[in-house]
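In: Build me a model:
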Amino acid sequence: MPLFRDTYAPLLFNCARVPSPDARRAEPGEPARDFALRCARSLEAHLEKHGHETAAFIIEPLVQCAGGMAMHDAEYLCRARELCDRFEVHLIADEIAVGFGRTGTLFACEQAGIAPDFLCLSKGLSGGYLPLSVVLTSDSVYAAFYEDSLARGFLHSHSYTGNPLACSAALAVLDILEEDRVIERNRATAARINQATAWLGRHPRVANFRNQGMIWAFDAVEAPPEFARDFFARAIAAGVLLRPLGNTVYWMPPYVLGDAEIGFLARALDELMQ
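Out: Modelled structure (predicted):
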């Protein structure tokens, strides 16, 4: 979104963009999978022309969050992996927001049965208790920097890299995810939220009500320019934290959400959409 990018434009590398597989952009009646395949053909055409000068293809898998909670079919990831292999381009998956169960599996890429060359993680990694991020990579990339000579080593780091307190928090979160079967429990929670908010799909002021795992979003119809700021203020007054992205309202609730909180959220949304 330009709102997040324009301020920093002079500092950023130039990069190419290909059509998003955002299912909202499909033709009327076109299945999300078919549209994803059509967008993958655009990626293929781009790499056929520019693959030799392309270092990496970056994607936020299944849900492009800052792009307005754009949800896409997993088939796009399958094709992207095949194309990156064919043209020898690194595939980078940004799972900072969508990892650790947020899309319904531990990592979003699992739903396509693929592994990226680089996997960017944060947020859910430490449960939000302390800031921590990691980048995982493949054995082949790791081996490229494994050398007795320091000149070949990957020496980049930050002063608090590997902070022991943050790493301890992350280890505790990983234990809880596994021992409490959190992701499995989330499926039942998501079903209850879908049931409580199903009316949004029929609301005259709502378009594209959608869900992926523990992420929900809808687009407000004919929203005025000040919609986001006004909706956010009214939501705070109603006791819920909902910060629209333009005219897109979304919620990514904590996994400990119970029936009382689900009911409170549904009632608040009903009030806010009057």
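
In: Count residues in the vicinity of residue 49, would you?
Out: When neighbours are counted by other Cβ atoms under 10 Å, residue 49 registers 11. (Each C-beta comes from the backbone N, C-alpha and C, glycine too.)

In: can you offset everything so residue one is 886?
Out: In the new numbering, first residue 886, that becomes residue 934.

In: and it, that one's in a helix?
Out: Yes - assessed by DSSP: H, G, I helix; E, B strand; the rest coil, residue 934 belongs to a helix.

In: do you know how far it is from residue 925?
Out: As judged by Cβ to Cβ, to the nearest Å, residue 934 and residue 925 stand 15 Å apart.

In: Residue 1152 too?
Out: Between residue 1152 and residue 925 the distance, using Cβ to Cβ, works out to 41 Å.

In: what about those two, which has more around it?
Out: Remark: of residue 1152 and residue 925, residue 925 carries more neighbours, 22 against 14, as counted by other Cβ under 10 Å.

In: what ranges do the helices span in the stretch 886-1035 of the chain?
Out: Using DSSP state H, counting those that start in this stretch, the helices assigned to the stretch 886-1035 of the chain run over residues 887-890, 917-935, 960-972, 1024-1029.

In: burial count for residue 954?
Out: 24.

In: Please apply the same query to residue 920.
Out: Neighbours of residue 920 (other Cβ under 10 Å): 22.

In: these two touch, right, it and residue 909?
Out: No - here residue 920 lies out of contact with residue 909, judged by Cβ atoms under 8 Å, at a distance of 9.5 Å.

In: Please tell me how far stretch 912-919 is from the chain's geometric centre.
Out: A distance of 21 Å separates the centroid of the chain from that of stretch 912-919, by Cα atoms, centre = their mean, to the nearest Å.

In: ignore the last one, stretch 1095-1105
Out: Here stretch 1095-1105 is found 12 Å from its chain centre; the criterion is Cα atoms, centre = their mean.
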